[in-house]
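1. any chance you could fold what I've pasted below:
(one chain, ligands or ions: 2)
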Amino acid sequence: MSDDCLFCKITAGEIPATIVREDPTALAFEDVNPQAPLHVLVIPRRHIATLNDLTDADEALVGHLVGMARDIARERGLDSRGYRTVFNCNTDGGQTVFHIHLHLLGGRSLTWPPG
Ligand code: AMP
Ligand code: ZN
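-> Ligands and ions are numbered 1, 2, ... in the order given. The predicted structure follows:
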């Protein structure tokens with residue numbers, strides 16, 4: 001838990017969020033400013049600031065986040081039509097909240113490359 005971290009406060013229940021799925025390792029909730037009909041953020045409960053802070057010991061954790069995103073997409077019926085998962089990192093990546101989060105976007109045709 002990092003005291004000044006918005007997403008740690010969400011995991012602690014101190015800031016409200018619309019929870020989509022949760023387990024002892026991870027939490028998925030609706031993005032407050034959705035960029036697609038489905039826009040969910042999947043985060044580890046443990047505070048990790050950026051992708052740069054991941055270690056080899058976090059391989060299973062990252063797999064777990066991706067698996068949670070897959071399960072949500074499947075549950076929403078988006079698996080065959082498709083969806084996008086994104087981790088933004090630092091300034092050029094557009095990261096604004098420094099607790100890693102996997103964006104899950106779907107429900108519309110997404111363009112590429114992103115802006
Ligand atoms: P990023 O720019 O990759 O760091 O993404 C941060 C995301 O967090 C953005 O899509 C924001 O809309 C979202 N966000 C910020 N505050 C909240 C909040 N309180 N609850 C849910 N999503 C949030
Ligand atoms: Zn945090």
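2. quick one: name the residues of the chain near ligand 2.
-> Ser2, Cys5, Phe7, Cys8, His47, His99 (CB under 5 Å from the ion). Every residue, glycine included, has its C-beta placed from N, CA and C.
3. and those residues, which is closest to Pro34?
-> Sorting the residues of the chain next to ligand 2 by how near they are to Pro34, with CB to CB, puts Phe7 at the top with 16.5 Å.
4. so how many other residues sit close to the closest one?
-> Residues lying near Phe7 (other CB atoms under 10 Å) number 22.
5. Leu41: neighbour count?
-> 23.
6. helix, strand, or coil at the nearest residue to Pro16 once chain neighbours are set aside?
-> Distances taken as CB to CB, 6 or more residues apart in numbering place Ile10 nearest to Pro16, at 8.0 Å, with adjacent residues excluded. Following DSSP: H, G, I helix; E, B strand; the rest coil, we place Ile10 in the helix state.
7. check Ala57 too.
-> Per three-state DSSP, Ala57 ends up helix.
8. now do it: how many residues are near it, please.
-> 7.
9. so the residue nearest to Pro16 makes contact with Glu22?
-> No - Ile10 lies out of contact with Glu22 (CB atoms under 8 Å); the separation is 10.6 Å.
10. more crowded one of the two?
-> Set side by side, Ile10 and Glu22 show more neighbours around Ile10, with 20 against 13, by other CB under 10 Å.
11. how close does the more buried one sit to ligand 1?
-> 6 Å (CB to the nearest ligand atom, to the nearest Å).
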